[in-house]
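1. What shape does this take:
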Amino acid sequence: MSVRDRQIEALRSMLNLSSTGPEGSDPTWKVLIYDKTGQSVIGPLLSVKELRDLGVTLHLPLHSERDSIPEAPAVYFCLPTEENIHRICQDLNNNLYGTYYYNFISPINRAKLEDIATSALQSNTVGQIQKLFDQYVNFICLENEMFCLKQPRDSSVSYYNLNRGSVSDTEMEQLLDTITESLFSLCVTLGTVPIIRCPKGNAAEAVAEKLDKKLRDNLKDARNSLFGSDGAAAGRYSFHRPVLVLVDRSADMATPLHHTWTYQALAHDVLSYQQNRVTVPGGEGKKDKEYELGSTDEFWSNHKGAPFPQVAEAIQESLEEIKTKQDDIQRMKTDLGLTGDAETEAALSGLSLTDNTAKLTSAMTDLPMLLEKKRLIDMHTSLATAILDSIKKRRLDVFFEFEEKIMSGAALDKSILDVINDPENGTPDDKLRLFLIYYLCTNTITDAELDRYCTTLQNAGCNTAALTYLKRWKSYSMIGSKNFDFNQGQGMTTTKSVSMFSKLMEKSSNFVMEGVKNLVVKKHDLPITKIVDDIMEQKAGKYNDEYRYLDPKILRGGDNIPRTKTTFNDAIVFVVGGGNYIEYQNLHDYLKGKNTGSTLTARRIVYGCTQLNSADQFLEQLKQLGSEI
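-> Okay, the predicted model is just below:
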């Protein structure tokens, strides 16, 4: 079971009121009340229809004006914050619902429990409180094997907040506790205690130590341990303990700024895409369209990691396939005289009835599937067209190809200044992202050159505050570009242009690709993927040797504990300071290369991060940090 499946399972059992009624019996009708965090957790996992199938007739925000429904059971799904507990007590005093089921996203403490108990006594509703659970689901699952802790608009665990100069010790402590608590929730949801690996001397290490202590304390208390022997670690993790690799964003600052070329990552870069919903601008006078990109969409599942030109070709093929099927049905209607003219009536009398009935039955069964497929392909056509418009307008293919060369140490065919000075190329932020990647991956820039670049960028309309921050960051880390381990030999290119979109160049195509390069990406591992590979494979090298090794199951902790020598089949990578779809996709591609044998030995990697940032959101945080220096 994937992380996503386990989280859905926890939510379903919560909404079934953990009933033990017979299978297939009708669900109890109920009201679901959630706070913002609850909404973020449920949003990507259960649709409104699925909630209705689970008996939820009404779902309402906790802090909204709600009418009393005296008969109805109410399921609360929220964090145990002061504000939320106050509102829960208020609902009890107003006797809003028939029965109450409280599900706290993270554990509630004794004092707040007593507040609820006091309110229940005062309002005489003790008998109506049916259940109170700590759910341990304080993370947002966006894909089968991918999660983040907060939405991008919630800045509580952002890269900016982790790195700003004015952060106080207590704020930092709170930040690290929030991250630790969510990772602890993940371990409980997976039912497993991982071995923890982390670099020394940054936020990732602080989180690792806190998590190690939290897991160890829980295991010590055998009576109340959440990792008991009652089948919590059901399935896969009962045999293989996973390794949790905690990485700090500073391990690779270039990838989050990178212009990308795969479908999902491009959508995240150029459109408003969060919580698995993407908004396509409607253009002048038209309304924006919002689409849901979920695991039930087969085309999305198959193509989200593919280079954009391949996606455009696949959409074109699917459109042609659907058109052929529609023509078949139309032809059948004519053959069967469903158009209703006299000639057809005459022709009908000579037809074999059984043969045509079979054809018609098959067409009728296929029709709903065909209509659904057409709806999804129309959605992808609209989405891909919006992405293509951005590629053309901002020349993203030029930026992508240039950055790939910089990151792989290949020779550049023209200078960075030419790209920055060309008014046709992208927005000021596109140019700034390109230069920052160059600055991060090059060690040979002199101060005089840097000043010249800075002036050119400012003339091109760029805000260079982000460069000010990275300059200071680079002088602190002192490792320069050796910090990033992009695994390419000198002079190797990571992209090649193939003959222009053969199928798409026909004039009938929906996508006019003229002027866009058809770039095929060569497989290469990003720094985070290399770190994970070294640690899973137990390779000798700087990551495996230098990263700390913590095992919460060994009760006497410390750095000299015996290490396991076997390779790991399962890993959870967690980036403190924000992640992106480029790294997620790169890990996914790495696994495809590894998992060619039996499914029993197949490896699995879960990718997690404090927040999933688009390049613009990450750049904005760097600018903010730079403006405060």
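
2. make it CA atoms for all contacts and neighbour counts henceforth
-> Fine.

3. tell me which helix or strand of this protein sits lowest on mean pLDDT?
-> None of the helices or strands of the chain scores lower by mean pLDDT, DSSP states H and E than strand 495-497, at a mean of 50.

4. what lines up beside the strand with the most length in the chain in the sheet?
-> Secondary structure of the chain per DSSP state E: the longest strand is strand 69-78. Sheet partners assigned to strand 69-78 using DSSP bridges are listed as strand 30-34 (parallel), strand 97-104 (parallel).

5. all strands of the stretch 251-400 of the chain, in order?
-> Assigned by DSSP state E, counting those that start in this stretch, the stretch 251-400 of the chain shows strands spanning 272-274, 277-280, 289-292.

6. The residue sitting nearest the centre point of the chain in helix, strand or coil?
-> Central residue of the chain (CA atoms, centre = their mean): Leu142, 4.5 Å from the mean position. Classification of Leu142 using DSSP: H, G, I helix; E, B strand; the rest coil returns strand.

7. my guess is it contacts Arg277, does it?
-> No: the pair Leu142 / Arg277 is not scored as a contact, 10.4 Å apart, by CA atoms under 8 Å.

8. Now Leu132: phi and psi?
-> Torsion angles at Leu132 (phi, psi; degrees, to the nearest 10) stand at phi -140, psi 120.

9. can you tell me which residues contact it?
-> Tyr101, Tyr102, Asn103, Phe104 (CA atoms under 8 Å, 6 or more residues apart in numbering).

10. ok, which pair from the residues you listed is furthest apart?
-> The two members of these with the most space between them (CA to CA) are Tyr101 and Phe104, at 9.9 Å.

11. what helix or strand is Glu404 on?
-> Element membership of Glu404, judged by DSSP states H and E, is helix 396-407.

12. follow-up on the earlier one: so which helix or strand takes in the residue nearest to the residue nearest to the centre of the chain when sequence neighbours are not counted?
-> Nearest residue to Leu142, sequence neighbours excluded (CA to CA, 6 or more residues apart in numbering): Pro44, at 6.1 Å. Applying DSSP H and E as the criterion places Pro44 outside every helix and strand.

13. Distance of Pro44 relative to Lys304?
-> In this view, Pro44 and Lys304 are 17 Å apart by CA to CA, to the nearest Å.

14. Can you pick out the residue with more neighbours from those two?
-> Legend: neighbour count by other CA atoms under 10 Å for Pro44 and Lys304, higher for Pro44 (21 against 18).

15. and the gap between the more buried one and Ser158?
-> 21 Å.

16. Can you give me the buried ones in stretch 191-207?
-> Residues of stretch 191-207 classed as buried by neighbour count (16 or more other CA atoms under 10 Å): 191-199, 203-207.

17. Just put these in TSV and tack on secondary structure, distance to Lys594 and pLDDT.
-> Below are the buried residues of stretch 191-207 laid out as TSV (DSSP: H, G, I helix; E, B strand; the rest coil; distance: CA to CA, whole Å; pLDDT from 0 to 100):
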residue	secondary structure	distance to Lys594	pLDDT
Gly191	coil	25	89
Thr192	coil	24	90
Val193	coil	25	92
Pro194	coil	22	93
Ile195	strand	22	94
Ile196	strand	22	95
Arg197	strand	21	94
Cys198	strand	23	94
Pro199	coil	25	93
Ala203	helix	31	90
Ala204	helix	27	93
Glu205	helix	29	93
Ala206	helix	32	94
Val207	helix	30	95
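
18. As CSV, those residues with distance to Ile377 would be great.
-> Listed next are the buried residues of stretch 191-207 as CSV, based on distance: CA to CA, whole Å:
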residue, distance to Ile377
Gly191, 39
Thr192, 40
Val193, 42
Pro194, 41
Ile195, 43
Ile196, 43
Arg197, 43
Cys198, 43
Pro199, 44
Ala203, 43
Ala204, 42
Glu205, 45
Ala206, 46
Val207, 43
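
19. Name the member of these with the shortest distance to Glu65.
-> Gly191 (37.9 Å).

20. That closest one against His240, yeah?
-> No: the pair Gly191 / His240 is not scored as a contact, 11.8 Å apart, by CA under 8 Å.

21. Contact partners for Arg563?
-> Tyr549.

22. ok, so what distance separates the residue nearest to Leu142 from Ser614?
-> Pro44 is 18 Å from Ser614, where distance means CA to CA.
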